[in-house]
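1. Predicted model and sequence follow; I will ask about them next.
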Number of protein chains: 2
Amino acid sequence: MARKKNSSADVTGPRIRSAALRLFARHGYAAVSMRQIASEVGVQAGTLYLYTPDKQSLLFDLMQNHMQDLLSELAALPDVQSPLAELQQFTRFHIRFHRARSDAVFIAYMELRNLEPKNFERIEAMRRQYEAHLEGILARGKAERLFDLPDTKLAAFALIAMLTGVNTWFREGGRLSLDAVEEIYWRMVKKAVGG
Amino acid sequence: MARKKNSSADVTGPRIRSAALRLFARHGYAAVSMRQIASEVGVQAGTLYLYTPDKQSLLFDLMQNHMQDLLSELAALPDVQSPLAELQQFTRFHIRFHRARSDAVFIAYMELRNLEPKNFERIEAMRRQYEAHLEGILARGKAERLFDLPDTKLAAFALIAMLTGVNTWFREGGRLSLDAVEEIYWRMVKKAVGG
DNA sequence: GTCTATAGCGAGATAGAC
DNA sequence: GTCTATCTCGCTATAGAC
């Protein structure tokens, strides 16, 4: 639909969210002021309140969008046949998805404590859903005796922590390409569930 | 040495650090006020400045003490013979040490961004030293062909992330004892470096 | 060693002009 | 849709009494 006017409203909202994402990741939710966000976008502080009811909602929206993206991209992965192939697909997906969104990943983990209880519960439910997906893969592999795992829940926690850890050290243009990193991590994952 | 007076100074300092540790871990450095810390200890806000020059120094002291404890306890571990035995010892030590200090661990990771550059560099140097210790174990094991690892640096990062992850879900009195958790993680670590 | 009091500042959020 | 101006609050840090 053609627009009558050159409205900046459709671009200011996303720019606010983008600036908030970056600033929250860099300095922490509590340490970032609404004025800082506004200044980054090039508007006055009051203007932010046309796009979000308050600072808390801004944080929650960022985290909710991130988790929804995560779950919907996970669901959109092509079907594969064996638990081993599923696990490889999950491993590579997790590294790639998280690497491409390091700010959002950081926030979704660090700022959980700054969510109001109701908002916290909604984010946590999505995180549990993601973990359950991996645990399902591990449980199927265990049932088929492809994997040797005394506890699939612990194994899911352990693997997710290991894979998410890539974000703490990986830098574009460093010693290894992301492809190479994926390969090395996949080898460790495969051996760890071993197999 | 016997004390002349029943001074509370020797107890107030530690209590301030202990309250700050818990509050920073729970709500984040930026979100915690000096008034909150003082109120927790049962003194007025101004009193805190007898024990710390400012809020930033308080944070840095907590992180520095934590890292120094980590390195000195690591150094105090009894000598063992093979890289595999060393790795097992490291695995169990890491889980136990970090589990017992979950607040400090959380802070040492989350609040790095709230350190002034100079303080940041000092903490980072200690963290690299710890990582280098694990990488040394892995490199020795690789040299003896006990471990099959394409990249010992990545493997060290991956293992530390995996082990530290225990802190995000483990609860005393839950389904598994810490001993059982150590055993399950050690099995996964051993297979992952495999071996 | 701890208190009360306060200086000086910056925060989140709102009102109303344009 | 954005601005300026402002309300109200809580912050870090300090001064000085006891």
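-> Alright, I've got the coordinates.
2. Could you spell out which stretches of chain A belong to which domain?
-> A:7-52, A:55-193 (automatic domain parsing).
3. So which of those domains is nearest DNA strand D?
-> Distance to DNA strand D, taken as C-beta to the nearest atom of the strand, is lowest for domain A:7-52 among the domains of chain A, at 3.1 Å. Placement of C-beta: from N, CA and C, glycine included.
4. avg pLDDT for the closest one?
-> Mean per-residue pLDDT for domain A:7-52: 92.
5. How far does that domain sit from its chain's centre?
-> Here the centre of domain A:7-52 is set off from its chain's centre by 20 Å, with C-alpha atoms, centre = their mean, to the nearest Å.
6. if we can go back for a sec, looking at the domains of chain A, which is closest to chain B?
-> domain A:55-193 (2.7 Å; C-beta to the nearest C-beta).
7. List the buried residues of stretch A:180-194.
-> Neighbour-count burial for stretch A:180-194 flags A:181-182, A:184-194 (criterion: 16 or more other C-beta atoms under 10 Å in any protein chain shown).
8. could you dump those to a markdown table with pLDDT and distance to B:Ile160?
-> Below are the buried residues of stretch A:180-194 laid out as a markdown table (pLDDT from 0 to 100; distance: C-beta to C-beta, whole Å):
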| residue | pLDDT | distance to B:Ile160 |
| --- | --- | --- |
| A:Val181 | 98 | 16 |
| A:Glu182 | 98 | 19 |
| A:Ile184 | 98 | 15 |
| A:Tyr185 | 98 | 14 |
| A:Trp186 | 98 | 19 |
| A:Arg187 | 98 | 18 |
| A:Met188 | 98 | 13 |
| A:Val189 | 98 | 16 |
| A:Lys190 | 98 | 20 |
| A:Lys191 | 97 | 17 |
| A:Ala192 | 98 | 14 |
| A:Val193 | 98 | 19 |
| A:Gly194 | 92 | 20 |
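9. now, which of these sits nearest DNA strand C?
-> Taking C-beta to the nearest atom of the strand as the measure, DNA strand C sits nearest to A:Val181 out of the buried residues of stretch A:180-194, at 36.5 Å.
10. mean confidence for stretch A:102-118?
-> pLDDT averaged over stretch A:102-118 gives 95.
11. Span of it from start to end?
-> 25 Å (C-alpha to C-alpha, to the nearest Å).
12. Pull the distance from that stretch to the chain's centre.
-> Using C-alpha atoms, centre = their mean, the distance between the centre of stretch A:102-118 and that of its chain works out at 10 Å.
13. does DNA strand C sit close to that stretch?
-> No. On the criterion C-beta under 7 Å from any atom of the strand, stretch A:102-118 is out of touch with DNA strand C, staying 11.3 Å away.
14. show me the contacts for the residue lying closest to A:Glu124 once chain neighbours are set aside.
-> If the residues on either side of it in the chain are set aside, A:Glu124 comes closest to A:Leu112, at 7.5 Å by C-beta to C-beta, 6 or more residues apart in numbering or on different chains. Each residue near A:Leu112 by C-beta atoms under 8 Å, 6 or more residues apart in numbering or on different chains is listed here: A:Met63, A:Phe120, A:Ile123, A:Glu124.
15. ok, A:Leu112 to A:Leu138 distance?
-> 24 Å (C-beta to C-beta, to the nearest Å).
16. hang on, the earlier thing: mind checking which of the domains of chain A is nearest B:Glu116?
-> Each of those has some distance to B:Glu116 by C-beta to C-beta; the shortest is domain A:7-52, at 13.1 Å.
17. Next, see if the closest one gets close to chain B.
-> Yes. Domain A:7-52 is in contact with chain B by C-beta under 8 Å from any C-beta of the partner chain, via A:Arg26, A:His27, A:Gly28, A:Tyr29, A:Ala30, A:Ala31.
18. do the same with stretch A:78-92
-> No. Stretch A:78-92 does not reach chain B (C-beta under 8 Å from any C-beta); its nearest approach is 11.6 Å.
19. PyMOL command for the buried members of the residues of domain A:7-52 next to chain B?
-> Buried members of the residues of domain A:7-52 next to chain B, defined by 16+ other C-beta under 10 Å, are picked up in PyMOL with:
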select buried, chain A and resi 28+29+30+31
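20. For chain A, list the residues in contact with DNA strand C, please.
-> When proximity is defined as C-beta under 7 Å from any atom of the strand, chain A approaches DNA strand C at A:Val32, A:Ser33, A:Met34, A:Arg35, A:Gln36, A:Ala45, A:Gly46, A:Tyr49, A:Pro53, A:Asp54, A:Lys55, A:Gln56.
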